[in-house]
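> The sequence and its predicted three-dimensional model are supplied below.
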Amino acid sequence: MKMNKEGKGYMYFFNGRNTDPHYNLAFEEYFFMTPPEDEAFFLLWQNDRAVIVGKNQNTIEEINQRYVDENGIKVVRRNSGGGAVYHDLGNLNFSFIQKNEDNSKLDMRTFAIPVINALAKLGVRAEFSSRNDMIINGRKFSGMAQAISKGRVLHHGTLLFDSDLSVVQDALNVKDIKVESKGIKSVKSRVTNISEHLDQKIDIEEFRRLLVKNMFNQGELKEYRLTDDDERQINKLKAEKYDLWEWNYGRSPEYEMKKEKKFDCGIITAYIDVKKGVVSNIRFYGDFFGVKDIKELEEKLRGTKFRYQELYDTLAQNNVGKYISGITAEELAEYMIY
């Protein structure tokens, strides 16, 4: 974090006004990967109607393709783990990007606290729940995710303010095991809009202004203005990555074995191809988080005998918890075999 003239730390603040999800995920990655390690950013941005898919998810299984096509809803993959979320102009997204002191673990709660405190000043009693949610009266209004790279952390989340909650259920294919594990009847019944809990009616623009005012003290933010070079780099990244089907969907896996289970760390779906008793190919999908790229673990498992001990040894030697936070080598090996 940089210092101002008074010797106090400050973050750059970017108040995004572009509502194209392809562009917004590109500019977020640009801020995450490009600036010097000591430069910190707080971003606010909105997407027009879109489903934003987690980095480790199989897009085709997560969305209602017919519905999103018929309703002009864009589908874009983000750089962080976690589950698919629906965005519209009734939702506000926030991002913290800063130096990461501990590359070995994810920390959602630290970044949730400023938002929770800001809402308290508006008379809304929110709390951190589960591994990556914020809730009001037991109902979710924010899902958060993180990515860690090159000594920096990107923490971002949604803030449902006045979203069309009926679309959430229609656009997403929420897995039965996720619904059953939470003891709920539908997606709509477990989410809420912040606006429903405010004593005084305000629009999302006023909410955006009050959120910043309540989260930061005077002098802690310095407005960031995009340069022409920033714009060129962001649009290049958008065109070469976030506009592409290959990134947003990729190829649907075709494997001889499919395993799926809900763990405390999230839902894991594994597609496994076994030839002559050896793992010839494997892909993991799910709403889990990890500080290392799951593709690295998949590569290490290829060529391993499809037996518990060999799988366990490979997973243990490669610190599986770095790839899927909160799971052990024993748990994952048992899941794959049994």
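Okay, I see it. Numbers count the residues shown, from 1 in each chain.

> Buried by neighbour count: which residues of the strand or helix carrying I282 qualify?
Element membership of I282 [criterion: DSSP states H and E] is strand 278-286. For strand 278-286, the neighbour count (16 or more other C-beta atoms under 10 Å) marks 279, 281-286 as buried. (Each C-beta comes from the backbone N, C-alpha and C, glycine too.)

> Once you drop chain neighbours, what's closest to L211?
The shortest distance from L211 to any non-neighbouring residue, by C-beta to C-beta, 6 or more residues apart in numbering, is to A118 (5.5 Å).

> for whatever helix or strand that neighbour lives in, packing partners?
Assessed by DSSP H and E, A118 sits inside helix 109-120. If contacts are counted by 3 or more C-beta pairs under 8 Å, 6 or more residues apart in numbering; DSSP states H and E, helix 109-120 sits against strand 126-129, strand 133-136, strand 139-149, strand 152-160, helix 204-215.

> Pull that helix out as PDB, backbone CA atoms only.
Extracted C-alpha coordinates of helix 109-120, given in PDB (Å, rounded to 0.1, in the frame of the first residue of the first chain):
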ATOM      1  CA  ARG A 109     -13.300 -13.000   6.300                       C
ATOM      2  CA  THR A 110     -10.700 -10.200   6.400                       C
ATOM      3  CA  PHE A 111     -12.100  -8.600   3.300                       C
ATOM      4  CA  ALA A 112     -15.800  -9.200   4.300                       C
ATOM      5  CA  ILE A 113     -15.500  -7.200   7.500                       C
ATOM      6  CA  PRO A 114     -15.200  -3.700   5.900                       C
ATOM      7  CA  VAL A 115     -18.400  -4.500   3.900                       C
ATOM      8  CA  ILE A 116     -20.200  -5.800   6.900                       C
ATOM      9  CA  ASN A 117     -19.200  -2.700   9.000                       C
ATOM     10  CA  ALA A 118     -20.300  -0.400   6.200                       C
ATOM     11  CA  LEU A 119     -23.700  -2.000   6.000                       C
ATOM     12  CA  ALA A 120     -24.100  -1.700   9.800                       C
END
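
> any idea how far that helix is from the chain center?
17 Å (C-alpha atoms, centre = their mean, to the nearest Å).

> Averaged pLDDT, it. What do you get?
Averaging pLDDT along helix 109-120 gives 97.

> beta partners of Q146?
When assigned by DSSP bridges, Q146 has beta-bridge partners H155.

> can you tell me which residues contact it?
Residues near Q146 by C-beta atoms under 8 Å, 6 or more residues apart in numbering: 80-81, 106-108, 153-156, 289.

> cool, F94 as well?
F94 sits next to 42-44, 115, 156-157, 159, 211 when contact means C-beta under 8 Å, 6+ apart.

> so what strands line up beside whichever strand or helix holds it?
Following DSSP H and E, one finds F94 within strand 91-99. Strand pairing for strand 91-99, using DSSP bridges, gives strand 41-45 (antiparallel), strand 152-160 (antiparallel).

> Let me know the angle separating that strand from helix 109-120.
Relative orientation of strand 91-99 and helix 109-120, computed by axes from the mean of the first three to the mean of the last three C-alpha atoms, to 10 degrees: 140 degrees.
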